[in-house]
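Q: sequence and predicted model, in that order:
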Amino acid sequence: MDIPRIFTITESAHRIHNPFTSDKLACLGEALRLEPGTRVLDLGSGSGEMLCTWARDFGITGTGVDMSRLFSEQAKIRARELGVADRVEFIHDDACGYVAEKKAGLAACVGATWIGGGVAGTIELLSKSLLAGGMILIGEPYWRRLPPTQDVARKCHADSAADYLVLPQLLASFGELGYDVVEMVLADQAGWDRYEAAKWLTMRRWLEANPDDDFAEEVRAQLRSEPERYAAFTREYLGWGVFALMAR
Ligand code: SAH
């Protein structure tokens, strides 16, 4: 079981697989006022940077579930590197339908809400693993500017403009699901640059090391087109943030 290979090529050197920088991740951890010992569940935990740094900085314990074999391995290595391997565990698995045996004080899905079939389904899934009074974290894109045409939406890698909301609508949608939005930290364009532009050097290096790979042509094509596509579309139109929710 694994995610499509193109992601494990382009994001193999990322510690954070979303437009947050390590500063933003730390800022979010502080904003949540996490008590030491809080149990955190993270569905789509990627390379584990959130759980590992929060275990180090705030004394949380955590479980991450991720379908990428590579990212799950990297997460375990990171936990050892930061000296928190006794406090965080990483499970390589499909997180669709995952409900934790021990309920968590904080249940997160940061940039992978397709796991629950969208934002509403993911909130419902996370709520099944949550202690009463616990907090849910959702990381999700929103439109900074509404795409004027469907073509522009697609160039932002959305299927259509309807895939995302503008920020006030996204915040209102959490209310409609019965949740208070109690905190949020938003990415910025510099963070998007770290997420997207970091892929370019990774692709270039990968091409040099794997010129005859079956994927080389696809990676070469992406490296040629991505900087311009990203600057014209994703960077201008798409925002991204993490939203902390508590049931009303
Ligand atoms: N939350 C992490 C990763 C976000 S990228 C971070 O912010 O760094 C999306 C992640 O979802 C990837 O790590 C990918 O491997 C994982 N993923 C995709 N589909 C999944 C599924 N069905 N179950 C578990 N993880 C999944």
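A: On my side now, so go ahead. Numbers count the residues shown, from 1 in each chain.

Q: mind listing what's buried in the lengthiest strand in the chain?
A: Ranked by residue count, the top strand of the chain under DSSP state E comes out as strand 130-143. For strand 130-143, the buried set under the neighbour-count rule, 16 or more other Cβ atoms under 10 Å, comprises 130, 134-143. In short, each C-beta sits where N, CA and C put it, glycine included.

Q: would TSV of these with distance to Leu238 and pLDDT be doable?
A: What follows is the buried residues of strand 130-143, written out as TSV (distance: Cβ to Cβ, whole Å; pLDDT from 0 to 100):
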residue	distance to Leu238	pLDDT
Leu130	29	98
Gly134	29	98
Met135	25	98
Ile136	22	98
Leu137	19	98
Ile138	16	98
Gly139	13	98
Glu140	11	98
Pro141	5	98
Tyr142	8	98
Trp143	7	98
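
Q: which parts of the chain sit against the ligand?
A: Residues of the chain lying near the ligand by Cβ under 6 Å from any ligand atom: 3, 16-18, 44-46, 49, 65-68, 71, 94-96, 110-112, 115.

Q: residue contacts, Leu126?
A: Leu126 makes contact with 41, 43, 107-109, 116, 136, according to Cβ atoms under 8 Å, 6 or more residues apart in numbering.

Q: host element of it?
A: If you go by DSSP states H and E, Leu126 is part of helix 119-127.

Q: could you do Gly64 as well?
A: Using DSSP H and E, Gly64 falls within strand 61-66.

Q: now the closest residue to the ligand within the chain: how far from Glu226?
A: The minimum distance from the chain to the ligand, using Cβ to the nearest ligand atom, falls at Gly46 (2.7 Å). Separation of Gly46 from Glu226 (Cβ to Cβ, to the nearest Å): 20 Å.

Q: out of these two, which sits in the more crowded spot?
A: Ranked by neighbour count (other Cβ atoms under 10 Å), Gly46 and Glu226 place Gly46 first, with 25 against 17.

Q: low-confidence stretches in the protein?
A: Nowhere does the chain drop to pLDDT under 70.

Q: before we move on, back to that, can you give the distance of the longest strand of the chain from its chain's centre?
A: Its chain's C-alpha centre and that of strand 130-143 lie 12 Å apart, by Cα atoms, centre = their mean, to the nearest Å.

Q: hey, C-alpha coordinates of that strand in CSV?
A: Output of strand 130-143 as CSV, limited to C-alpha atoms (Å, rounded to 0.1, in the frame of the first residue of the first chain):
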residue,chain,number,x,y,z
LEU,A,130,-11.8,12.6,20.4
LEU,A,131,-12.2,13.0,24.2
ALA,A,132,-15.2,15.0,25.3
GLY,A,133,-14.2,18.7,25.2
GLY,A,134,-11.3,17.9,22.8
MET,A,135,-10.1,19.9,19.9
ILE,A,136,-10.1,19.1,16.1
LEU,A,137,-7.5,20.5,13.7
ILE,A,138,-8.2,20.8,10.0
GLY,A,139,-5.6,21.9,7.5
GLU,A,140,-7.3,23.0,4.3
PRO,A,141,-6.9,25.2,1.2
TYR,A,142,-9.2,28.1,0.5
TRP,A,143,-9.5,30.7,-2.3
